[in-house]
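Q: fold the following and give me the result.
(2 chains)
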Protein chains: 2
Amino acid sequence: MTTTTHPFDTAISLSDKGIGTSTGRTTPEYANMVGPFGGVTAAAIVRAIAEHPDRIGEPVALTVNYLAPVTDGTFDIAVRAARTNRTNQHWIAEVSQDHGVTTTATAVFGIRRDAWSDTELTMPDAPDPESIAHTTVPGPVPWMRNYDMHYIEGGVPTDAAESSSSTTTLWVRQRPARALDFAALSALTDVFYPRVFLRRGRMLPAGTISLTTYFHVDGTELAEQGSDYVLATAHAQRFARGYFDQTAQIWGRTGTLLATSHQIVYYKD
Amino acid sequence: MTTTTHPFDTAISLSDKGIGTSTGRTTPEYANMVGPFGGVTAAAIVRAIAEHPDRIGEPVALTVNYLAPVTDGTFDIAVRAARTNRTNQHWIAEVSQDHGVTTTATAVFGIRRDAWSDTELTMPDAPDPESIAHTTVPGPVPWMRNYDMHYIEGGVPTDAAESSSSTTTLWVRQRPARALDFAALSALTDVFYPRVFLRRGRMLPAGTISLTTYFHVDGTELAEQGSDYVLATAHAQRFARGYFDQTAQIWGRTGTLLATSHQIVYYKD
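A: Residues are numbered from 1 along each chain as shown, chains lettered A, B, ... in the order given. Next up, the predicted model:
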């Protein structure tokens, strides 16, 4: 039997350099237009914290700030617990390369407990992913080839038509299929192409500056998703003179709200 | 003529201890159930960055993590620019007291420029604030007395009735009236009582763990608000075993979306 490491696991593979410091390496499979896919950087940070010997609990919140592109090659991740409380722990992380800090992050890990719970949001209506054609994304964006994407609305614009809505909804899973975990879910929250492309009907310079994700499941609930598709939906609230926001939800196929996520994106137009 | 310092300005007043470090002091006016109102801590961090001699631009994004309650008395704020780009700057901040770090934050400041812009979200319908009775908040929450609050929906529950909706919408302004600036807007994003109180019809242990705000206006547009009411609306998306999220918008009276804001809150029930 031959086992092959999934390209995602290769992309977030870290070599321990001592407690709280590790080294990773960019991979061509997860390259973006400039530097690597922001989602894979977020995933590597989640992985680095998860592997820290002092870590308790599982991800509850994550904010990743993209200061500068990560250049191809190795990068260092430093993580430290700023405070450990009884049921949660606050982390600070920095990704750096020879040219300086490229990424900062804060994270909250926590332990969930029995409490009254409810999902107030309603999952968008969507036909089964198997009934929707797979979308081939145009252009030179390698990382997108690592995902099976079936757009329900708001696919990548190809006809130069402006849209009055910035909403994109798609079924998505890793390609090849891979069981969903917190690192993969963190990457999925950044799977949307920039909302300004959809509104303007064309590509233009744009990039995420800061991404915040709230996780709503524990590892056991997440594992129940297996390698199935998730329903990912995102929209912008305001485009304001060079910066727009995006708010997103990631749903399991049977209606579990796995994560809600927000980002602020710069654009030129 | 006698000028009196506004209690909010007193609460976020900082003494310079050298470049990037300053000291503040909690005030009884902005006390919460435990420690100060989280919004005033966020505001003090924004103030500390704004006063840094190397700062460029105005707030675009802010994430504040609440690690432990700030105890009554003095606190130190340390801020540093992690990277300065051509049109934006990434900041890291820590608030600490004798017992350790209480608060961490990251922020993006930036320069806005002419670009295609649009507000995609629609402002909620609301009658004029002057036509709605002022709400007196029950219980021992001093900081709420610093705001004139006129609830349109989702007022603080007083009848032990559960609600199927976590939405609260209110007109709010500082009391006494004070011109809106980025510090005040940062505090306003945390002006909502915990959504779980509304759903469950009663108060229970709850507290913000992490707050992220995206600013959609520059200082000139913000100053146009003067000391007028803003329309603040918030709802939760999922309550999941001890943690719920909240997503909020702050609108100027004439329909300018000033900020969108998100937070994750722990609760016991």
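Q: find the centremost residue of chain A, please.
A: A:Ala187 (2.5 Å; C-alpha atoms, centre = their mean).
Q: looks like that one contacts A:Ile45 (just checking).
A: No: at 10.7 Å, A:Ala187 does not count as touching A:Ile45 under the criterion of C-beta atoms under 8 Å. All C-beta atoms are positioned from the backbone trio N, CA, C, and that covers glycine.
Q: show me the shaky parts of the stretch 101-250 of chain A.
A: For the stretch 101-250 of chain A, the stretches flagged by pLDDT under 70 are A:136-139.
Q: and it, which residues reach chain B?
A: A:101, A:104-106, A:108, A:110, A:112-121, A:165-166, A:196, A:199-200, A:209-210, A:212, A:214, A:216-218, A:235-243, A:245, A:247, A:249 (C-beta under 8 Å from any C-beta of the partner chain).
Q: in the stretch 1-150 of chain A, which spans are strands?
A: When assigned using DSSP state E, counting those that start in this stretch, the strands of the stretch 1-150 of chain A occupy the ranges A:15-18, A:21-25, A:58-66, A:74-84, A:88-97, A:100-110, A:118-119, A:147-153.
Q: CA atoms only: put the second one into PDB for me.
A: So the one you mean is strand A:21-25. What follows is strand A:21-25, C-alpha atoms only, in PDB (Å, rounded to 0.1, in the frame of the first residue of the first chain):
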ATOM      1  CA  THR A  21       8.600  28.200  16.900                       C
ATOM      2  CA  SER A  22       8.400  26.200  13.700                       C
ATOM      3  CA  THR A  23       9.300  26.500  10.100                       C
ATOM      4  CA  GLY A  24       7.100  25.900   7.000                       C
ATOM      5  CA  ARG A  25       7.600  26.100   3.300                       C
END
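Q: give the buried residues for that strand.
A: A:Thr21, A:Ser22, A:Gly24 (16 or more other C-beta atoms under 10 Å in any protein chain shown).
Q: quick one, that strand and strand A:88-97 angle?
A: Orientation of strand A:21-25 against strand A:88-97 (axes from the mean of the first three to the mean of the last three C-alpha atoms, to 10 degrees) gives an angle of 50 degrees.
Q: what of the fourth one?
A: For strand A:74-84 and strand A:88-97, the angle between their directions (the same axes, to 10 degrees) works out to 160 degrees.
Q: buried residues in strand A:74-84, which are they?
A: Across strand A:74-84, burial judged by 16+ other C-beta under 10 Å covers A:Phe75, A:Asp76, A:Ile77, A:Ala78, A:Val79, A:Ala81, A:Ala82, A:Arg83, A:Thr84.
Q: what strands flank it, and is each parallel or antiparallel?
A: Strand A:74-84 pairs in its sheet with strand A:21-25 (antiparallel), strand A:88-97 (antiparallel), by DSSP bridges.
Q: got the contact list for that strand?
A: Contact with strand A:74-84 is made by A:14, A:17, A:20-26, A:44-45, A:48-49, A:52, A:54-56, A:89-97, A:102, B:65, B:67-68, B:94, B:100-101, B:104, as judged by C-beta atoms under 8 Å, 6 or more residues apart in numbering or on different chains.
Q: ok, back up a step: just the residues of the stretch 101-250 of chain A next to chain B: which are in helices?
A: Applying DSSP state H to these, the entries found in helices are A:Val196, A:Arg199, A:Arg200.
Q: A:Thr102 is in contact with A:Ser96, correct?
A: Yes: A:Ser96 is within contact range of A:Thr102, at 6.4 Å (criterion: C-beta under 8 Å).
Q: have a look at these two and say which one is more surrounded.
A: A:Thr102 (23 against 17; other C-beta atoms under 10 Å in any protein chain shown).
Q: which residues touch the more buried one?
A: A:Thr102 neighbours (C-beta under 8 Å, 6+ apart): A:Tyr66, A:Leu67, A:Ala68, A:Pro69, A:Val70, A:Phe75, A:Val95, A:Ser96.
Q: follow-up on the earlier one: out of the buried residues of strand A:74-84, which is nearest to chain B?
A: Nearest to chain B out of the buried residues of strand A:74-84 is A:Arg83 (C-beta to the nearest C-beta; 4.0 Å).
Q: name the nearest of the buried residues of strand A:21-25 relative to B:Tyr147.
A: A:Thr21 (44.8 Å; C-beta to C-beta).
Q: which residues does that closest one form beta bridges with?
A: So, taking DSSP bridges as the rule, A:Thr21 has A:Gly18, A:Ala78 as bridge partners.
Q: circling back: quick one, which of the contacts of A:Thr102 are buried?
A: A:Tyr66, A:Leu67, A:Ala68, A:Pro69, A:Val70, A:Phe75, A:Val95, A:Ser96.
Q: mind putting these into CSV with pLDDT?
A: Below are these laid out as CSV (pLDDT from 0 to 100):
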residue, pLDDT
A:Tyr66, 98
A:Leu67, 98
A:Ala68, 97
A:Pro69, 96
A:Val70, 97
A:Phe75, 98
A:Val95, 98
A:Ser96, 98
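Q: if we can go back for a sec, and the strands of the stretch 1-150 of chain A: which comes nearest B:Tyr147?
A: Of all the strands of the stretch 1-150 of chain A, strand A:58-66 sits nearest to B:Tyr147, with 26.2 Å by C-beta to C-beta.
Q: using PDB, list the CA coordinates for the closest one.
A: Extracted in PDB, the C-alpha atoms of strand A:58-66 (Å, rounded to 0.1, in the frame of the first residue of the first chain):
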ATOM      1  CA  GLU A  58      -9.900  23.800  20.200                       C
ATOM      2  CA  PRO A  59     -10.200  26.900  18.000                       C
ATOM      3  CA  VAL A  60     -13.000  29.400  19.000                       C
ATOM      4  CA  ALA A  61     -11.800  32.600  17.200                       C
ATOM      5  CA  LEU A  62      -9.000  33.500  14.900                       C
ATOM      6  CA  THR A  63      -7.900  36.800  13.400                       C
ATOM      7  CA  VAL A  64      -5.100  36.800  10.800                       C
ATOM      8  CA  ASN A  65      -3.600  40.000   9.500                       C
ATOM      9  CA  TYR A  66      -1.900  40.000   6.100                       C
END
